[in-house]
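S.K.: here is a sequence with its predicted model. Questions after.
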Amino acid sequence: MIDQTITKEKNVFLLTDSNWHARMIQFIVGVLMLALYVWIAAGVASLLFNLPEILKSGWTQIAEHIIVDIVLILAILELVRILQSYLSVGRVKVTFILDVALVVLIGELIGLWYKDYTTTEVGLHIAAITMLILLRIVSIRFSPNVID
């Protein structure tokens, strides 16, 4: 009886204690989410501050930056969605990761419109986006049923 009590007390201080580990992960994910929220707020503020410049100068140059900024903000929102999923379910869904990758690659493809690009670059971007779309379809179609 005494040996069991000593063993239980020793396990409380182990790094592998699931309760301690879960709390640390929740804290770290919470800090990451706060940082992402601040980043989103800074991005929205930057967009709002750039709007008067459109009226002063031509809208084509500023529109490029606004479009790319909006796509980046959407990618950050997808990252927040991944973190929320991890906190609620305890795991990360593959479809959420694919969504972030798709948003980032589509943003890169949009960014190519405003630069000198080659057909090879555009073809590689389109091929990567197509593969991610196919992976997303397959991951949804053949995902295992989770029984809680």
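M.R.: Arrived safely, thanks for sending.

S.K.: in this protein, where is pLDDT below threshold?
M.R.: The model of the chain has pLDDT under 70 over residues 1-17, 54-55, 58-59, 61, 145-148.

S.K.: surely Glu78 touches Ala101?
M.R.: No. Using Cβ atoms under 8 Å, Glu78 makes no contact with Ala101, being 9.1 Å away. Yep, even glycine has a C-beta here, placed from its N, CA and C like the rest.

S.K.: okay, which residue is most central for the protein?
M.R.: Centroid-nearest residue in the chain: Leu79, 2.0 Å away (criterion: Cα atoms, centre = their mean).

S.K.: what residues sit buried inside the host helix or strand of that one?
M.R.: Secondary structure from DSSP states H and E places Leu79 in helix 59-89. Across helix 59-89, burial judged by 16 or more other Cβ atoms under 10 Å covers 62, 66, 68-69, 71-76, 78-79, 82-83, 85-86.

S.K.: now do that helix: distance to the chain's middle.
M.R.: Its chain's C-alpha centre and that of helix 59-89 lie 8 Å apart, by Cα atoms, centre = their mean, to the nearest Å.

S.K.: what packs against it?
M.R.: Judged by 3 or more Cβ pairs under 8 Å, 6 or more residues apart in numbering; DSSP states H and E, the packing partners of helix 59-89 are helix 18-56, helix 94-113.
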